[in-house]
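Participant: Just the structure for this:
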Amino acid sequence: MKAPASHKAFGSAIQAVVDGVVQFAKDASCRQSVDYRAHEVVIAEACNAIEREAHGVSLAALDIDEARLRINGAIHHRVGRHATGYKTRVGEIEVERTLYRCSGERNERAVNTVSLRAGAIADEWLPDTASAMALEFAFRQATLQYLDAVEAAVTLDAQRVSENIGVGLGYEMCGEERCTI
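Facilitator: Model (predicted):
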């Protein structure tokens, strides 16, 4: 597969999927049974690698490496260039980015064009990934609250059943309407 030199890892990830499927097809024609579940896992991992590389290439394109830059109307100056991990739905990808600080502000937090332009949450979560994680967290919290409510209801119901059984046994044993157990 042809890919520009700057996209070599991306092209390699795509080629790995193609090669894996071609090899599977070749091997499958010679076998009576196959472990398709293992093949599914291999394909999923290879496709995840493609997605991570696609994010890496795309995020790197959002970086602007200049000595000075105007961000939100204020002049910022370059203070360094560092790699950081961005979290995607399929794992983390390292991206080198230029850090800027507002001119004249020595202790102010540094910003970067990659996070700003991508709309990254907390400088590391890609927007769709952050949204999916928030939804997952909310779902888990709701599930835990539901399970707590069910457990409380079952416990309360068990107590009522136990009391009713006790009272029932008390009736039979004492022959009275009310009996202490």
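
Participant: got any ranges where the chain has weak pLDDT?
Facilitator: 1, 150, 152-181 (pLDDT under 70).

Participant: which other residues reach the biggest strand by length in the chain?
Facilitator: When the chain is parsed with DSSP state E, its longest strand is strand 74-88. Under the criterion CB atoms under 8 Å, 6 or more residues apart in numbering, residues 51-52, 55, 59, 65-70, 92-103, 110-111, 114, 118, 120, 123-126, 129-130 lie in contact with strand 74-88. All C-beta atoms are positioned from the backbone trio N, CA, C, and that covers glycine.

Participant: Quick check: strands, which of those are part of them?
Facilitator: Reading strands off those with DSSP E, I get 68-70, 92-102, 111.

Participant: Could you pick out the buried ones from the residues you listed?
Facilitator: By neighbour count, with 16 or more other CB atoms under 10 Å, these hold 69, 93, 95, 97, 98, 99, 100, 101, 102, 111 as buried.

Participant: just checking, the third one touches residue 60?
Facilitator: Yes: checked against CB atoms under 8 Å, the pair residue 95 and residue 60 is within contact range at 5.6 Å.

Participant: follow-up on the earlier one: farthest pair in the buried ones among the ones in strands among the contacts of strand 74-88?
Facilitator: Maximum pairwise distance among these (CB to CB): 27.8 Å, between 93 and 102.

Participant: Setting aside sequence neighbours, what's the nearest residue to the residue nearest in space to the middle of the chain?
Facilitator: The centre of the chain sits closest to residue 89, judged by CA atoms, centre = their mean, with a distance of 4.4 Å. Leaving aside its chain neighbours, residue 89 sits nearest to residue 129 (5.1 Å; criterion: CB to CB, 6 or more residues apart in numbering).

Participant: With residue 76 instead?
Facilitator: residue 100 (3.8 Å).

Participant: show me the contacts for the one you found.
Facilitator: Counted by CB under 8 Å, 6+ apart, residue 100 has contacts 69, 71, 76, 77, 78, 79, 110, 111, 112, 113.

Participant: what bridges to it?
Facilitator: residue 78, residue 111 (DSSP bridges).

Participant: Relative to residue 73, how far out is it?
Facilitator: 14 Å (CB to CB, to the nearest Å).

Participant: swap in residue 24?
Facilitator: From residue 24 to residue 73 the distance is 55 Å (CB to CB).

Participant: Looking at those two, which is more packed in?
Facilitator: For the pair residue 24 and residue 73, the greater number of neighbours falls to residue 24 (16 against 5), based on other CB atoms under 10 Å.

Participant: Residue 62 contacts residue 120, doesn't it?
Facilitator: No: the pair residue 62 / residue 120 is not scored as a contact, 9.7 Å apart, by CB under 8 Å.
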